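Enquirer: What follows is a predicted structure for the sequence shown.
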Amino acid sequence: MWETIRERVDDRLSDPVWWNDVLQLVKTVLAAVVAWVIAASVLDLPQPFLAPWAALLVVHATVYRTFSKGSQQVAATVVAVVLASAVGEALGLTTTAIAVLLVVSLVLGAVPWLGAEATTIATTGLVVLTTGFDSDIMLISRLFDTAIGVVVGLAVNALVWPPLRRHTAAKALDRVDDGVGELLAEMADGLAAGAGVEEAQEWVERTREIDEDLDHAWALVRQAQESARMNPRRSARTMRDPQQWHGLLRRLEQSVAETRSLARTLGAQAQRSALDERFALRWIDMLRDAGRAAVEADPAALVDVRRRLQEFSDELRSTQRSPQWPVYGALIINLRNIVDSLDEVAAANPIRGRPLNIRIPSRMGGVDQP
């Protein structure tokens, strides 16, 4: 049990994506705390709660979104402060004032320029209205609090290891690649065991699940591209126009489509016994080897499968044609196209980056763990 827990912890500690999320959390907390200290301790503002509030609003997953989305949220916060002060001066702290504030906030939040920040305007306005609104000095103080939070949030997110979602996107691509490889190997083992129509239908459903992972990977690559905008890190340059990533995603799309076609062809044959033994044994071995090579990101092994497929196809053409030849040809073409789609994906595997060399120490208290 200890070994299992340790392996899971080691995997998490060596995962750069996890560390990226941890760093973003720390930066968010840091921005809020620094904003609070500046507003409360350095400038001694009377009610400095809006400083950390504004800082939390502007620290986003990417630097670009920090400026674009953050500017909308800051505008919403300023509108909320002014609106709450105006409603409070006119109606006081009453039920009617709260109702009017919420209605106007929700209406203003629907304005496109504010980016549908209705909730931000409403919640901030409620806080300002219920904590005091009867002083021009207080209004100026709260706007000053907001400005402090905005500046601190922007500075922390842009200057302290600005986020670059490259590893997250690469891990998503790797998940699709592994999913296709694992399914190919599973199909080979299933065929060797005499899988039938039901198993083939399950394989088709698995390809649809991989399609969902592929859609997620596309979204993460777009997010990684966004994270490179306005990002001062040198490694961000390659992500500003990620044509290589787009090419790999298109190849993965092809591999998933070919795998689905392969599963449907096998389903139409009902079971492996419908295939000639001489064909089935060699083709299933190549199917299994292709799946393993995809999981292990071994381009040389995929090239070898491609060579074996070609030799196998040449042998079949030189022998007497079987009534099953159209099916054999379809299975060979499907597998060949899958291999052709995955070889460049496997060759580009270093795009993921290496895992961090962080592990739990093997010695605790001076005694080696078993």
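Expert: Looks like it arrived, so ask away. Numbers count the residues shown, from 1 in each chain.

Enquirer: Which parts of the stretch 251-370 of the chain are strands?
Expert: Along the stretch 251-370 of the chain, counting by DSSP state E, counting those that start in this stretch, strands occupy 363-364, 367-368.

Enquirer: ok, residue 28 touching residue 60?
Expert: No - with contact defined as CB atoms under 8 Å, residue 28 does not reach residue 60; the gap is 9.3 Å. All C-beta spots, glycine's among them, are computed from the backbone N, C-alpha and C.

Enquirer: What is the helix or strand hosting residue 224 packed up against?
Expert: Assigned by DSSP states H and E, residue 224 belongs to helix 197-228. Contact here means 3 or more CB pairs under 8 Å, 6 or more residues apart in numbering; DSSP states H and E; on that basis helix 197-228 packs against helix 63-91, helix 166-192, helix 243-268.

Enquirer: Buried residues of it, list them for me.
Expert: 199-200, 202-204, 206-207, 210-211, 213-214, 217-218, 220-221, 223-228 (16 or more other CB atoms under 10 Å).

Enquirer: so that helix versus helix 243-268, what angle?
Expert: For helix 197-228 against helix 243-268, the angle by axes from the mean of the first three to the mean of the last three CA atoms, to 10 degrees is 170 degrees.

Enquirer: How far does helix 197-228 sit from its chain's centre?
Expert: 12 Å (CA atoms, centre = their mean, to the nearest Å).

Enquirer: Flag the shaky bits of the stretch 1-150 of the chain, pLDDT-wise.
Expert: Filtered on pLDDT under 70, the stretch 1-150 of the chain yields the residue ranges 1-4, 6-20, 61-66, 68-70, 73, 112-117, 132-139.

Enquirer: just to revisit the earlier point, got the helices and strands packed on helix 197-228 as JSON lines, with mean neighbour count and distance to residue 314 columns?
Expert: Below are these laid out as JSON lines (neighbours: other CB atoms under 10 Å; distance: least, CB to CB, whole Å):
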{"stretch": "helix 63-91", "mean neighbour count": "20", "distance to residue 314": "53"}
{"stretch": "helix 166-192", "mean neighbour count": "21", "distance to residue 314": "22"}
{"stretch": "helix 243-268", "mean neighbour count": "19", "distance to residue 314": "21"}
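
Enquirer: Redo the ones you listed as TSV? Include distance to residue 46.
Expert: As requested, the helices and strands packed on helix 197-228 are exported to TSV (distance: least, CB to CB, whole Å):
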stretch	distance to residue 46
helix 63-91	14
helix 166-192	42
helix 243-268	51
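
Enquirer: closest one to residue 284 among those?
Expert: helix 166-192 (5.0 Å; CB to CB).

Enquirer: now the angle between helix 243-268 and that closest one, please.
Expert: 20 degrees.

Enquirer: Show me what helix 166-192 is packed up against.
Expert: By 3+ CB pairs under 8 Å, 6+ apart, helix 166-192 packs against helix 16-37, helix 197-228, helix 243-268, helix 277-295, helix 325-347.

Enquirer: quick one: contacts of stretch 201-214?
Expert: With contacts defined as CB atoms under 8 Å, 6 or more residues apart in numbering, stretch 201-214 is touched by 172, 175-176, 179-180, 183, 186-187, 190, 249, 252-253, 256, 259-260, 263-264, 266-267.

Enquirer: switch to 6 Å and redo it
Expert: 175-176, 179, 183, 187, 252, 256, 259-260, 263 (CB atoms under 6 Å, 6 or more residues apart in numbering).

Enquirer: now swap in stretch 276-296 and tell me
Expert: Stretch 276-296 has contacts (CB under 6 Å, 6+ apart) with 177-178, 180-181, 184-185, 188, 191-192, 272, 301-302, 305, 308, 312, 328, 339, 342.

Enquirer: what about 7 Å?
Expert: 177-178, 180-182, 184-185, 187-188, 191-192, 272, 301-302, 305, 308-309, 312, 322, 324, 328, 331, 335, 338-339, 342, 346 (CB atoms under 7 Å, 6 or more residues apart in numbering).

Enquirer: again with stretch 87-107
Expert: Contacts for stretch 87-107 (CB under 7 Å, 6+ apart): 80, 83-84, 118, 121-122, 125-126, 129-130, 133-134.

Enquirer: Now, of those, which are buried?
Expert: 80, 83-84, 118, 121-122, 125-126, 129, 133.

Enquirer: from those, which is closest to residue 155?
Expert: residue 80 (23.0 Å).

Enquirer: For the closest one, which non-adjacent residue is spatially closest?
Expert: In this structure, residue 80 finds its nearest non-sequential neighbour in residue 124, 3.6 Å apart by CB to CB, 6 or more residues apart in numbering.

Enquirer: Least confident of the contacts of stretch 201-214?
Expert: Lowest in pLDDT among the contacts of stretch 201-214 is residue 175, which has 84.

Enquirer: residues in contact with residue 84?
Expert: 101, 125, 128-129, 133.

Enquirer: Serialize these to TSV and add fields for distance to residue 45 and secondary structure.
Expert: Listed next are the contacts of residue 84 as TSV, based on distance: CB to CB, whole Å; DSSP: H, G, I helix; E, B strand; the rest coil:
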residue	distance to residue 45	secondary structure
101	23	helix
125	19	helix
128	14	helix
129	19	helix
133	16	coil
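
Enquirer: ok, of the residues you listed, which one's closest to residue 153?
Expert: For the contacts of residue 84, the nearest to residue 153 is residue 128 (19.1 Å; CB to CB).
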